[in-house]
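Participant: fold the following and give me the result.
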Amino acid sequence: MKQMLVAIDFVKEFGFDVVIVGGSESYQVADLLKHNNIAVILGSQHELPSMEDDDIDQPFKTPAALQKAGVLFALNDTHTESRYRNLSFNAGTAVAYGLGKEEALQA
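Facilitator: Now for the predicted structure:
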């Protein structure tokens with residue numbers, strides 16, 4: 001999360017357009033991301049949470065949290081063996097955890 005805060009400071013100081021790739025902890029700073037117009041490309045959803053104290057299903061809930069905060073985001077599948085074949089499965093999982101169907105298809 002420290003890197004995301006550095007990116008937010010970078011945007012404030014220099015005014016660049018920034019996209020965060022990965023962003024597994026982006027739900028924690030979603031309001032700051034929205035305020036600074038920073039987009040997020042989420043990595044693989046089907047993995048364990050990155051933080052020890054997170055809910056076990058936090059990677060599935062992150063897209064809905066970003067959407068609720070108004071952050072522009074995209075789903076991605078970075079798994080080396082399936083490489084993008086599971087994007088529809090990832091979208092379906094995001095729907096099961098609170099993201100709307102249309103928003104999941106757009107992401």
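
Participant: and Ala64, how close does it get to Val11?
Facilitator: According to C-beta to C-beta, to the nearest Å, Ala64 stands 24 Å off from Val11. The C-beta positions use only the backbone N, C-alpha and C, and glycine is treated the same way.

Participant: over to Met4?
Facilitator: 11 Å.

Participant: of the two, which one has the most company?
Facilitator: Of the pair Met4 and Val11, Met4 is the one with more neighbours under other C-beta atoms under 10 Å, namely 20 against 17.

Participant: separation between that one and Tyr27?
Facilitator: Met4 is 11 Å from Tyr27, by C-beta to C-beta.

Participant: with Thr93 instead?
Facilitator: Using C-beta to C-beta, Thr93 is found at 15 Å from Tyr27.

Participant: for the residue nearest the centre of the chain, list the residues it contacts.
Facilitator: Nearest to the mean C-alpha position of the chain, by C-alpha atoms, centre = their mean, lies Leu42 at 3.9 Å. Taking C-beta atoms under 8 Å, 6 or more residues apart in numbering, we find Leu42 in contact with Gly22, Gly23, Ser24, Ser26, Thr62, Pro63, Leu66, Phe73, Ala74, Leu75, Asn76.
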